[in-house]
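>>> next comes the sequence, and after it the predicted model I'd like to discuss.
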Amino acid sequence: MLGAKKLTMQDTVNIFFSYSRQDERFLDELNTHLSTLKRDKRISIWADSQIEVGSDWSREIQRQLDKADVIIVLVSSDYLTSKFAYEIELKRAIERHQRKEAIVLPIILRYCLWQDSILGGLQVLPRDGEPIVSRSRISVDEAYVEIVRGIRLVIDNILENRKEDVQPKTKDRIIESLIKLEDVYVTSGIPNLTFVEPEEFNFIKHALLQKGRGLVIEGPSGIGKTTVVVKVLENLQRDFTLLSARISNHITQIENINEWHQGIVVIDDFHRLSETIQNHLADYLKFLADYGDKNKKLIIVGIPNTGDTLIRISFDLANRITIFKLKKAKEEEIDKLINKGEVALNIEFKQRSSIVRESFGSLYIAQLLCTYIAIINNVHETQKKRIKIDSGIFEVTNRILQDLSPKFNDSVRLFAAIGNRRDRTCIELLKELAIIEDGVLNIYHLKAKRPELKIGITKLIYEKKLQEFYKECPDCKRHLLFDERIPALIIDDPQFKFYLNNISVDSLASLTGKSTASRRTKVFISYSHSDDYWLQRVMLHLKHLEKDGLIDLWVDSRINSGQNWRDEITKALDASKVAILLLSQNFIASDFIVDNELPSLLQAANNDEALIIQLVLKPCSIDNLTELTKFQMVNNPNQAMLGLTEFEQEKMLVKLAKSVESALGEDI
């Protein structure tokens, strides 16, 4: 491809896998998750399965081990008891790690006493040390994503160091003045030395010069919206008044703005104002555009969709205000911020690319990470001689999380605890908030995107559980808002997003004492296709529950063309809270039902994970399926539906629907 960079050995990191044969499935799963890095040729992976038949396997392992830049150890009890893996491979790996010739990265697969082994002093993945096997179905993939992120950070660091080795040495510069760390990387207030102009800077500047027309600056928390506005005004050498909805005495001034307004006024955190004040400001913006003093200017700063909110209040505002939708910072912008700070402090971060990546587009988080790394390395002001700082990003992140825990733990614990022990709806909402780019989670959109959360979200909204939560925990509004009008959850603190990004689903579950197993939500109907008439009647009686979002109904007729029907049935079985069995001789004679569907459902029922409800359609013999006799029957087996009057049949179907509703009502 024209202009493509030609990769060299210098661009590839060699990875050696040390593992036990009993853990090969984990190796395969991790290999799958590493496919992007392999495709980009950033890594070359070697495991002993690649040894050719007839080769001297011991010598080949030693050769690959000595060649490796990163040695990934898949830790389990089988690994720790393996004479060759533990006593030969790992011993050699640790020697190279201690000489800084390679990096040993342990990944905890299964429960074992790894802390008491020679691995105990190393940083492990996942970072909380929780084994992969202990995780719920949902968070297994989450754990692998965290592991790959960790591996990628190590790779970035290695490649960054290689670049330094081939670049010419820079001379120490003459230090003219000492600058304090807190004046370089700013975590409170407006940064000066590390301010980076976004692409929209000059467009905002131009819009400010237009008389009378209001401005709206919106975007996610932590991207520097207020900073951009202040810097533009300073650049234009304009005086201004900055008011924030977070400050109580400012709210009174905002409420009466039309009585005192002169010059340029910036109103920050618009989304935190009451609906009444928001309506008042919408009217005032319209007045300024049509009749106001041309020397008066009003600038509104808020979260994403602030402009839409104003237009929704007063639709004819659309042509009277200019809206700038700022997005998360690009990697090059964050890199520029870090570099400006390095110059001011006369330092160099060896893991700069890792800081960029871990900032997730937040200029504030980049400032925070740099501050912590500098403090850990005893850098509090400009250094007289240029120094290179090499701190592991894991240790820095863990230290920040440790400091943030007192601020967020109670709010997160109480929010995640909404609902009963098996209801993980609010845990999933928190994790969706962590990954959503703009920090605004539209709950109805999520309900459509993730059908398995439909029941929990429906109850959450209709029973006003979130409103109750905010009455009991008002402090949570400082960093997590709930907008009932959309409805949406909104992150209003970049530290909170960072915190959520770095804790696992199972950590959230353990904070609340909730089950770490994925919550079953589906109602699975097991039936013979010969009984389709009865299936349609059952579904008709469940329709109102499905329409109201109280049940997530599944039947095999909903499998789309082209899908693997066996896989789809298995997934549905695994997610089912209620199984309705439509019994007939056709049902009992079905090999697929008896050999595949029933064993999975019976196991779930015996583990109290699912409820089996049976409806006898036609006289049949269930003597060979004795396990079914202990589960709930809607009708007496001697009074099959086929022998009842239509009125009696309808009564039984109503009873069935009530049983399903009751079963799910207890669980969510």
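Cool, got the structure.

>>> checking residue 581 next. Helix, strand or coil?
Judged by DSSP: H, G, I helix; E, B strand; the rest coil, the three-state class of residue 581 is strand.

>>> name the element residue 399 belongs to?
Using DSSP states H and E, residue 399 maps to helix 393-416.

>>> list the contacts of that helix.
With contacts defined as Cβ atoms under 8 Å, 6 or more residues apart in numbering, helix 393-416 is touched by 123, 127, 150, 153, 157, 351, 354-355, 358, 368-369, 372-373, 376, 426-427, 430, 469, 472-473, 475-476, 479-480, 495-496, 498-500, 502-503, 508-509, 511-512, 514. Bear in mind the C-beta positions are built from the backbone N, C-alpha and C, glycine included.

>>> and those, which of them are in helices?
Of the contacts of helix 393-416, the ones assigned to helices by DSSP state H are 150, 153, 157, 354-355, 358, 368-369, 372-373, 376, 426-427, 430, 469, 472, 495-496, 498-500, 508-509, 511-512.

>>> returning to what we had before: how far does the helix holding residue 399 sit from its chain's centre?
In terms of Cα atoms, centre = their mean, to the nearest Å, the centre of helix 393-416 is found 15 Å from the chain centre.

>>> what's the mean pLDDT across it?
Helix 393-416 shows a mean pLDDT of 88.

>>> would you put the C-alpha positions of it in CSV?
Taking Å, rounded to 0.1, in the frame of the first residue of the first chain, the C-alpha atoms of helix 393-416 are listed here in CSV:
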residue,chain,number,x,y,z
ILE,A,393,1.0,2.3,34.5
PHE,A,394,-0.7,-0.5,36.5
GLU,A,395,0.8,0.6,39.8
VAL,A,396,-0.1,4.2,39.1
THR,A,397,-3.7,3.3,38.1
ASN,A,398,-4.1,1.1,41.2
ARG,A,399,-2.9,4.0,43.4
ILE,A,400,-5.4,6.4,41.9
LEU,A,401,-8.2,3.9,42.3
GLN,A,402,-7.1,3.4,46.0
ASP,A,403,-7.4,7.2,46.5
LEU,A,404,-10.8,7.4,44.6
SER,A,405,-12.4,4.5,46.5
PRO,A,406,-13.5,6.6,49.5
LYS,A,407,-15.1,9.1,47.1
PHE,A,408,-17.1,6.6,45.0
ASN,A,409,-17.4,3.3,46.8
ASP,A,410,-20.5,4.1,48.8
SER,A,411,-22.4,5.6,45.8
VAL,A,412,-21.4,2.7,43.5
ARG,A,413,-22.3,0.1,46.2
LEU,A,414,-25.7,1.6,46.9
PHE,A,415,-26.5,2.1,43.2
ALA,A,416,-25.4,-1.5,42.2
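
>>> thinking again about what came up before, now list the buried members of the contacts of helix 393-416.
Buried members of the contacts of helix 393-416, scored by 16 or more other Cβ atoms under 10 Å, are 123, 127, 150, 153, 157, 351, 354-355, 358, 368-369, 372-373, 426-427, 430, 469, 476, 479-480, 495-496, 498-500, 502-503, 508-509, 511-512, 514.

>>> domain assignment for this structure?
As given by automatic domain parsing, the domain ranges for the chain are 9-164, 169-188+330-391, 201-325, 405-512, 522-667.

>>> where does pLDDT dip in the stretch 451-600 of the chain?
Residues of the stretch 451-600 of the chain that meet the criterion pLDDT under 70 lie in 505-507, 513-521, 547-549, 557-575.

>>> how is residue 485 assigned, secondary-structure-wise?
Assignment for residue 485 (three-state DSSP): coil.

>>> could you verify my assumption that residue 577 touches residue 608?
No: Residue 577 lies out of contact with residue 608 (Cβ atoms under 8 Å); the separation is 10.9 Å.

>>> show me which of the two is the more surrounded one.
Legend: neighbour count by other Cβ atoms under 10 Å for residue 577 and residue 608, higher for residue 577 (24 against 8).

>>> separation between that one and residue 38?
39 Å (Cβ to Cβ, to the nearest Å).

>>> check residue 197 too.
37 Å.

>>> swap in residue 642?
In terms of Cβ to Cβ, residue 642 sits 60 Å off from residue 38.

>>> ok, residue 267 next?
Where residue 38 is concerned, residue 267 sits at a distance of 50 Å (Cβ to Cβ).

>>> output the below-cut-off pLDDT ranges for the stretch 201-350 of the chain.
Of all residues in the stretch 201-350 of the chain, none has pLDDT under 70.

>>> got the residue ranges for the strands in it?
Secondary structure of the stretch 201-350 of the chain (DSSP state E, counting those that start in this stretch): strands at 214-218, 240-244, 264-268, 297-302, 321-325, 347-349.

>>> could I get those in TSV, plus columns for mean neighbour count and distance to residue 252?
As requested, the strands of the stretch 201-350 of the chain are arranged in TSV below (neighbours: other Cβ atoms under 10 Å; distance: least, Cβ to Cβ, whole Å):
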stretch	mean neighbour count	distance to residue 252
strand 214-218	24	21
strand 240-244	17	10
strand 264-268	21	13
strand 297-302	25	17
strand 321-325	18	24
strand 347-349	21	45
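
>>> with distance to residue 333 added, can I get these in TSV?
Output for the strands of the stretch 201-350 of the chain, formatted as TSV (distance: least, Cβ to Cβ, whole Å):
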stretch	distance to residue 333
strand 214-218	17
strand 240-244	23
strand 264-268	21
strand 297-302	19
strand 321-325	16
strand 347-349	16
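
>>> so which of the ones you listed comes closest to residue 161?
Nearest of the strands of the stretch 201-350 of the chain to residue 161, taken as Cβ to Cβ: strand 347-349 at 11.4 Å.

>>> thanks a lot, catch you later.
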